[in-house]
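In: sequence isn't available, so here's the structure alone:
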């Protein structure tokens, strides 16, 4: 196996770990901003897995690249949306977490 | 809380293990999509494969993706109207930043244009350019610059809508000869894609900027909120 | 150069972890921006410069700015709350 | 070529209208439905005509073949869902047109969100591609979140936030599953996957992730916590849309996955496990619904319960005979459609009742039957379908599921269906009981506009009628699926 | 689709359409509502009369369409079904008239009459159902349409009764559903065929068939108020009198009994059911119910409650007749379907008249009612005699056939049950009659309403008298063509000759 | 009477009273029906006098298809029944027109009459039973007519027994009908043969014997009679004692397997009970203190004698023809005489200026007739005796039957003497309707002359034997009179209440009653105690019912879904395990 190829796989593995870390954060935290951070980290993990796995053994693949770009845009849109809702929520209730979570 | 953390830890550990297992056991793929992309590249109208995938082969995904972005803005608009803020008062109003901005802004615009233009044959494209544009907007805002035309709701919304409308419109117009949606004729594919990218860049930039701008400002006082609140029925 | 990749992957994980466990929200967001930049590097390593650009501009940049802005919002002196204030955060 | 225009119109038109409604002044936003609805109805019918004339087919967007480009699948299932969506959404839109008049202008943002939601749903129904499904899910999900947040009350915002988090987590899990599948098989097309997918660890894990993600989005017990506040707290037409259609989308994707990968790959254990979760949903949701004091919360928990029925599909089609499988398929789809119609009707009529008494409390409905018989009648008709009593779509569905359960020898699902029906009866009749009660008379009850009642009634009647004429829709729905030949 | 199938739909539609129209009418449209009600009822009666004549001449009436593959919606008029239709449409007319008078100033009449018509529509549907599926459809519809009637008064008590009613009927309905589905799994669409369609099945399936039979009979037994499943019926007494009349005489309990008849005769076939050993237990349950109901009735002090337990007892005569293996018992059971309906509706009308005119609900308050309301009391007397089985009332005819049928079926003990039941019936009815006729009035009656020239409102009195007269005539003129006896014999002739 | 008239007459006989009763439903006609009521029996009377036996009318539409007609025997029954009703009606015109409840009385009268005539004319089981029931239940209305406490009690006892009797009869008839060839359209004529062949024949006979025995005053079932006769208005009592009691007899005659071999045991039982009734009735009767009770026990006693004849018929089928004649004559004789006696009890109370002697002669005639000294009595006794001794057909044990009957006749004489004595005490007490004596006179005349009409119905008794029987008839009368004359001074009546057995049947109240009487507590206190006990029992029953109701509702209300689910699970699991 050439270094580049295993490099792809390394990133896939990192993606797996990132996803796991993000998941942990997503569940363990109650602060909504942290959860959003965690969500973004999870997303990054998923993108890494997508590209890393796809390219491992096959070389550069533009399709997952396009998918990841789409994914990033979707993620930022979601994050932005979440922040909008969050800020409105915070303004309304003064809380940074969700009421049922305590 | 502890319990929750333990649970979360166990769960993520499980997911990691499962994923690791899946990665290890993964079979060798049968389908070779890059090859298909490569062979279809000549018909795509662009030279950069990623742009081809994004705006030709899988342009439908991109179309929906723009919709997602737009959606976020719609929600932000809706919420702002539902919980009216006073006009923004934001900005550090820092003279240094302003003067830096005066330098930086043309540069950013140039970069954005380059990214857009470059997108057809090398890395870059509408998203990158759009986000650079948005970054400029954000900086301006942080600098306390008042972008008057952004307060013109109709104009702003037109700008927001432009990209997606153009996208759909072109997708529809090309159907006239009796081909499916989004089938660009080979001869004009490049031009059409560029047109789409151009409008998309603008829209994406505006969208991202709007997302930033539509958040509640740092400070507002109740009086203002009452008197200057959005159009209540 | 798998070692570089490995290191990069490791750093990614560490920054992500720091972003997640940082006690201070501000630090967490900063770590996240750093994470985003590292991700951009990783994308370059994955021969995906387009994504790298997008990640840097959107993932790290815009998201980071949005988060920071929100963070500032959380720290502002409150003018008013729509509902009764609840001091827990 | 039939459907050449109508298929893309199904998502392009709502998208365009969504944008247009952003551009026009708030007062004009609702009026776009009078352009949109006829066109979309026409497009849906044209798609149906296409299905009828040329059978199940594939629409190649951009004229690119499957693994490279994105294809849309026009088979019985998709067309069925499209028609259901068109019907329900049209009526909800009409309802909202009247309902939102008395609401603040901010709620006119309902309209762009509605169009985006519609586009997202139609996109999902037509999608043949697993990544495309992801994007579709996001469009639909974010639009739905926006709709929930529309009220901008703290409760609504919290519900929206919770919903958003669940939706995002679900999407990510799904996306990761997609990533694994693409990594393993190099294709995103379902048809392609069907050819190459094999039973191995990667597929299993990917499927597990996808299923988990979709379960979260479908709000299957015990992942349902986000649903009741979101569906119960939203504006009435929003609740109707969300409960009737939106959660169906993720189930639909599961169904599609099962069609592609399921029969060979889904292990018996998973199938039974999903069934057990479904049973749990039926019991827990029913029980919780019965305990609610708010009318719309009750209806929302009813959704939690009814979702459970859909998941009986999996145990009933796994390792059972072809006849049992066909019946399970028919029953599940019937349940899906009947629930969509009935639940929309239920939410709309609940909204009418709330409007009439001016309070969401069930206990304030005392004696309302005297004043709002029609709202109550729609509520009752829809309730009939939910309870699975004849003659209604719910009944036909239950009949088919029972048939399948007996044929496959899994008698324990009978108990689920049995108690589920009784629990539904318990909570539906809880409302009725109150409305029949002759207490201290309410001296005034607001009379909602007729349109509100009529739309609810049409939906409720549709839920009943679909049961009586079930063989037609079921026949169409089988087209293009593995059961199409029977 | 020819006229013969359309007329079936017409019979169903008359009350369905009436129901829809009435729902839409405003509460204040009294005249229009009455006109719609009566027109529909009369129209239905005419159509039913037409069909009766046709069925008599062995014309086939059938309407069907497919619901789901392998499951059809079938309406068919056969002798058994049309008998039930005839009963319900006739009594519907009278109950409607009665109810119009009874609820003259009550609230929620639109709702009431709407569900009332719906209830009749479902009864007619049950009667005309050509297969188990269609039967089930209307059977459940009946549950739904009667619930609002039961809770009509909206008091705590009636709501509670409604709840119990629902628990029972929905539970039973679900069991029935399972039975029907299981049967479907075995043999597909189960059309009602004289002589049944299961006899040819493989013997290894017989235990399964027994279980299915149990499920269906438990399901149907809830409505038919068979012994352990009867408790809802007396509770449902809180409903207004016309509703009780309808529940007890026409709709609910009859639907159950009729369903059992269908299952035994047209699904299993009497001979096959006998060979499976199903009839004997059914007869035992019916007998227990007969005695139990009577014993409970004896203890009731409330007039309507006593009548309710009497229904528990009397409806089981029908089931008993069905479970007697032999044509004569069958005739007796089927005939009692009509007889009990006529007699019991008379009794409930009378109870309603007493309650409405004199404000009397307790038996102990009836002293001297005969002098104040002679016509009502005569009707009550006729009904009560019929229940006891004193000739020449209709009840005697049933009892005679049941007795002979029991002997023919070698079940002599049934005769003992019949006699014992008669005695118990006498024990709880005769004291009432005694009070009505021979005791002096010892209290002031709260005379609630302004009355016309009769002892009570004409719309309350005449239906009562008419049903009483019909119940009497059904006994005296049993030998006439188109009498219940005649029709029951026609049915049995057609069922047994298969 | 020709073929056209006969069916019409047959229909009119029960039809006229029934039609009048129906017309009563029209309030406007009611005042006119009362006066007509006594005459409602006339068609039947005319039919009995001029009709020919054998004519039948089929009424397909009625019940399962009824048939009415006359036989020789039933014609005699019809005659005296109609006559008694007619006479009683005339006697009771006051009740029928002036009473408080005269309208009610009128309709019950007509219905009872219709039932009585109907059951005589019925040829098929259903109509017979229907008419019987009609008569039975309508008569209740007559008995409790004056709504006094005694009348109500009598009515209650009567009703309970009547219901039991009806139930027994129904049992017997259904069982018997099933044994005939046409169980759904059984004819009375087919019953005896069918019963003889039926497997449950003993059950059938027992049911029918006891069932009709309620009417016919069978020992231990008789106690409603004295109460009813005592409490009912006099014309009603006359009809009850004269006509309706014979309905029970007719029931025996038409349903029991008379003339079929193989019923010796039954014969023995019937004879034995008959004798018990004959003697017991006399013994209890002479202790009564009211004339009507005396007459009632006399009826029981007399019916006992008829029972002996029936029993003999069962024991010795070959005596059938002779016994049939004897029983018919007996029935005719006894009913007319008894009716006359009952009507007399009221006539005698009249404060009247008529010659007392004539009145007492008139009162004595039926008494003498019963004692056996008038033509009818003589004929009855001799015919019966002749029949019983004919050809030594009777079993050995019963050789002394004539003697026993003679001894019973002593009792009859004593009863009559007691009756007249008691009557004397009541004479001229109060007012009565002026026309009442017409009916009495008519029936008294019929008592004397009725027997001579027998040839009209084809019964030609042995008149000479009757004359020859005078010596035989004399000694019991003489003995009875002697007994009466000597005994009445020192014989202090035992306090046997009229409803003797009823008191014994319910031991606890009976004991309480006795105890009460012993310590001097009577009447209201005991009544109160009894009420209390009854209320207590009822309360217990109701409470038990309440708990059962609650338990069942509770069980099913709370857990109905689970229970149903359990049933379902069990059935489904079992079903799938085997299938």
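Out: Done, it's in. Source: prediction; values computed, not measured.
In: my guess is residue E:100 meets residue E:37, correct?
Out: Yes. Proximity of residue E:100 to residue E:37 meets the contact threshold set by CB atoms under 8 Å, at 6.9 Å. Where C-beta positions appear, they are placed from N, C-alpha and C, glycine not excepted.
In: ok, and the closest non-adjacent residue to the residue positioned nearest the centre of chain C?
Out: Nearest to the geometric centre of chain C sits residue C:32, at 2.1 Å (CA atoms, centre = their mean). Spatial nearest neighbour of residue C:32, excluding adjacent residues (CB to CB, 6 or more residues apart in numbering or on different chains): residue C:19 at 4.3 Å.
In: can you name the next helix or strand after the host helix or strand of the one you found?
Out: Assigned by DSSP states H and E, residue C:19 belongs to helix C:2-21. Downstream of helix C:2-21, the next assigned helix or strand under DSSP H and E is helix C:25-45.
In: can you list the domains in chain B?
Out: Split into domains by automatic domain parsing, chain B comes to B:1-30, B:43-228.
In: before we move on, back to that, what about the helix holding residue C:19, distance to the chain center?
Out: 13 Å (CA atoms, centre = their mean, to the nearest Å).
In: packing partners for that helix?
Out: helix A:3-28, helix A:32-55, helix C:25-45 (3 or more CB pairs under 8 Å, 6 or more residues apart in numbering or on different chains; DSSP states H and E).
In: where do the helices sit along chain B?
Out: Ranges of helices within chain B are B:2-25, B:33-44, B:49-52, B:59-82, B:95-118, B:126-142, B:148-151, B:153-173, B:189-213, B:222-228, based on DSSP state H.
In: mean pLDDT lowest where, among these?
Out: Least confidently modelled of the helices of chain B is helix B:222-228, at a mean of 39 by mean pLDDT.
In: near the residue lying closest to residue B:82 once chain neighbours are set aside, how many other residues are there?
Out: For residue B:82, ignoring the flanking residues on the chain, the nearest one in space by CB to CB, 6+ apart is residue D:152 at 3.3 Å. Look at residue D:152: counted by other CB atoms under 10 Å in any protein chain shown, it has 25 neighbours.
In: looking at the helices and strands packed on helix C:2-21, which is buried most?
Out: Mean neighbours per residue, mean count of other CB atoms under 10 Å in any protein chain shown, is largest over the helices and strands packed on helix C:2-21 for helix A:32-55, with a mean of 28.
In: that helix and chain C, any residue contact?
Out: Yes. Legend: contact between helix A:32-55 and chain C by CB under 8 Å from any CB of the partner chain is shown at A:33-34, A:36-38, A:40-41, A:44, A:47-48, A:51-52, A:55.
In: helix B:2-25 and that helix, what's the angle between them?
Out: Using axes from the mean of the first three to the mean of the last three CA atoms, to 10 degrees, the direction of helix A:32-55 lies 10 degrees away from that of helix B:2-25.
In: which strands and helices sit next to helix A:32-55?
Out: Checking 3+ CB pairs under 8 Å, 6+ apart, helix A:32-55 ends up next to helix A:3-28, helix A:62-93, helix B:2-25, helix C:2-21, helix C:25-45, helix C:63-75, helix D:154-185.
In: circling back to that earlier point, can you redo the helices and strands packed on helix C:2-21 as a markdown table with mean pLDDT?
Out: Formatted as a markdown table, these follow (pLDDT from 0 to 100):
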| stretch | mean pLDDT |
| --- | --- |
| helix A:3-28 | 82 |
| helix A:32-55 | 90 |
| helix C:25-45 | 89 |
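In: let me know whether residue E:97 touches residue E:38 as I believe.
Out: Yes. With contact defined as CB under 8 Å, residue E:97 reaches residue E:38; the gap is 7.3 Å.
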